[in-house]
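Student: fold the following, please.
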Amino acid sequence: MNTNTGKKLTSVLFIIYLAALLWILVFKLGTRFSYMGNRKVNLIPFGEPLILNGRIDYGEMILNAIIFIPLGIYVGVLFKRLTFGENVFLFFLVSLMFEGLQYVLKIGAFDITDIITNTVGGVIGLLILKAIEKIFGDSKALKFINIIALIGTVSMIVLLSLLKLDMLPVRYK
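Tutor: Now for the predicted structure:
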């Protein structure tokens, strides 16, 4: 696979990832939750973490970072000309857009903590990409990333489809 074909595949996978991110974060997997319809803003970083059984639940913050790791990898591959600071700003803007859409569409809270953790996830993805490039070299790194991204994308589509069809022991409603 030449580099041009590899970048085209990366671009297609990136678009699928963005569509899935939009469906998960903005459209909440097509599910209506009890908190929807209320507009809430949290501008205090880590000021209102989710409390479960009297303890802080860091799970949501960790998941927010994890879901943005692919963004860092894709942006690093597709927009090589951007500096590290420009990448971080792009991760921030994408996260800000998703948080803003949740607020405007009354489907979630606008939370600065989410913006921070999402941005951190993008940075982690970028650092993972740099490590992969250092280990494999640029052209082999692209092939490796595309193989992993293709497996991840197919797995994500299958899992989300099974979840939506209530065919998993996990319920999100």
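Student: so how far is the longest helix belonging to the chain off the chain centroid?
Tutor: Longest helix in the chain, counting residues (DSSP state H): helix 138-164. Relative to the centre of its chain, helix 138-164 is centred 13 Å away, using C-alpha atoms, centre = their mean, to the nearest Å.
Student: what mean pLDDT does it have?
Tutor: Helix 138-164 carries an average pLDDT of 88.
Student: and it, what does it pack against?
Tutor: Contacts defined by 3 or more C-beta pairs under 8 Å, 6 or more residues apart in numbering; DSSP states H and E place helix 138-164 against helix 3-21, helix 59-78, helix 112-136. (Each C-beta comes from the backbone N, C-alpha and C, glycine too.)
Student: ok and the second one relative to helix 112-136, angle-wise?
Tutor: Right, the one you point to is helix 59-78. Comparing the axes of helix 59-78 and helix 112-136 via axes from the mean of the first three to the mean of the last three C-alpha atoms, to 10 degrees yields an angle of 50 degrees.
Student: buried set for helix 59-78?
Tutor: For helix 59-78, a neighbour-count test (16 or more other C-beta atoms under 10 Å) marks 61, 64-65, 67-77 as buried.
Student: next: the last one.
Tutor: Within helix 112-136, the residues that qualify as buried by neighbour count (16+ other C-beta under 10 Å) are 112-126, 128-129, 132-133.
Student: the worst-scoring helix or strand of the chain on mean pLDDT: what's the following helix or strand?
Tutor: When each helix and strand of the chain is scored by mean pLDDT, DSSP states H and E, strand 51-52 comes last, with a mean of 62. Using DSSP states H and E, the helix or strand that follows strand 51-52 in sequence is strand 55-56.
Student: tell me the mean pLDDT for that following strand?
Tutor: On average, strand 55-56 scores 73.
Student: check stretch 5-12 too.
Tutor: The model assigns stretch 5-12 a mean pLDDT of 93.
Student: which residues touch that stretch?
Tutor: Contacting residues not belonging to stretch 5-12 are listed as Met1, Tyr74, Val77, Leu78, Ser139, Leu142, Lys143, Ile145, Asn146, Ala149, Leu150 [C-beta atoms under 8 Å, 6 or more residues apart in numbering].
Student: how far does it sit from the chain's center?
Tutor: Here the centre of stretch 5-12 is set off from its chain's centre by 19 Å, with C-alpha atoms, centre = their mean.
Student: kindly reformat the helices and strands packed on helix 138-164 as TSV containing distance to Gly47.
Tutor: Output for these, formatted as TSV (distance: least, C-beta to C-beta, whole Å):
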stretch	distance to Gly47
helix 3-21	25
helix 59-78	12
helix 112-136	7
